[in-house]
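*Asks:* Pasted the sequence and its predicted model underneath.
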Amino acid sequence: MRKLIVGVVCSLAVLAIVFGLMAQKNDAATEDNVTLAQLGVTEAQKTQVKALWELKRQAHIQALNDLKILNRLARDKVASEDKIGETLQILRQGRLTQKQEIQTAEEALIETLPVRAQLHLTILGVLDNGLTRRIGRGRTQDGGEESKRKAGSVRESGKK
């Protein structure tokens with residue numbers, strides 16, 4: 001009986017420590033959240049950030065649609081070489097145009113943003129960070145509203 005009591009007390013102590021550490025981690029995470037306003041981003045710059053994010057989101061959606069077209073074309077046994085080549089050329093040109101548009105918008109934004117805001121937006125992937133765009137847990141595949149809300153810890157306003 002005594003061993004059982006000691007075991008229960010030890011288990012409760014371990015649980016208390018684990019929950020205490022989790023609470024500390026959550027407190028630290030909420031303290032790290034920074035708003036764009038705290039980073040010195042103006043309303044005009046916020047509009048540019050949103051426009052850049054929308055451009056990137058639309059490019060991602062278009063890439064998914066293009067991939068569907070290519071998959072259909074790959075399964076089509078009677079598709080001619082000319083049709084395949086023409087489709088590839090059209091899709092590549094569209095991707096290049098979108099890429100240039102995004103790069104122009106990003107360069108214009110970088111010229112006006114404070115350095116610390118550039119840092120946070122690069123970490124989040126709003127500004128190019130060299131990584132491909134990932135879709136994590138809780139985000140929709142088409143990058144809908146849920147995806148935008150969960151894009152990272154930098155929020156537009158101080159609201160939680």
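*Replies:* Noted; the coordinates are in hand.
*Asks:* Low-confidence ranges, the chain, go.
*Replies:* Filtered on pLDDT under 70, the chain yields the residue ranges 15, 19, 21-32, 133-160.
*Asks:* Tell me the helices and strands packed up against the helix or strand hosting Arg72.
*Replies:* Under the criterion DSSP states H and E, the helix or strand holding Arg72 is helix 43-75. For helix 43-75, the contact count by 3 or more CB pairs under 8 Å, 6 or more residues apart in numbering; DSSP states H and E identifies helix 81-112, helix 145-149 as packing neighbours. C-beta coordinates here come from the backbone N, C-alpha and C atoms, glycine included.
*Asks:* can I get those in JSON lines with mean neighbour count and distance to Ser11?
*Replies:* Listed next are the helices and strands packed on helix 43-75 as JSON lines, based on neighbours: other CB atoms under 10 Å; distance: least, CB to CB, whole Å:
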{"stretch": "helix 81-112", "mean neighbour count": "13", "distance to Ser11": "53"}
{"stretch": "helix 145-149", "mean neighbour count": "12", "distance to Ser11": "38"}
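*Asks:* count of residues packed around Ala59?
*Replies:* Burial of Ala59, expressed as a neighbour count using other CB atoms under 10 Å, amounts to 18.
*Asks:* Confirm for me that His120 is in contact with Leu39.
*Replies:* Yes - here His120 reaches Leu39: they are 6.1 Å apart, a contact under CB atoms under 8 Å.
*Asks:* Please report how far His120 lies from Gln89.
*Replies:* Counting by CB to CB, to the nearest Å, the gap between His120 and Gln89 amounts to 38 Å.
*Asks:* From the centre of the chain, point out the most distant residue.
*Replies:* In the chain, Met1 marks the outermost C-alpha relative to the chain mean, sitting 54.2 Å out by CA atoms, centre = their mean.
*Asks:* Quick one: residues contacting the closest residue to Ile102 other than its chain neighbours.
*Replies:* Distances taken as CB to CB, 6 or more residues apart in numbering place Leu55 nearest to Ile102, at 5.2 Å, with adjacent residues excluded. Under the criterion of CB atoms under 8 Å, 6 or more residues apart in numbering, the contact partners of Leu55 comprise Gln98, Glu101, Ile102, Ala105.
*Asks:* Leu55 and Ala105, how far apart?
*Replies:* Taking CB to CB as the criterion, Leu55 is separated from Ala105 by 6 Å.
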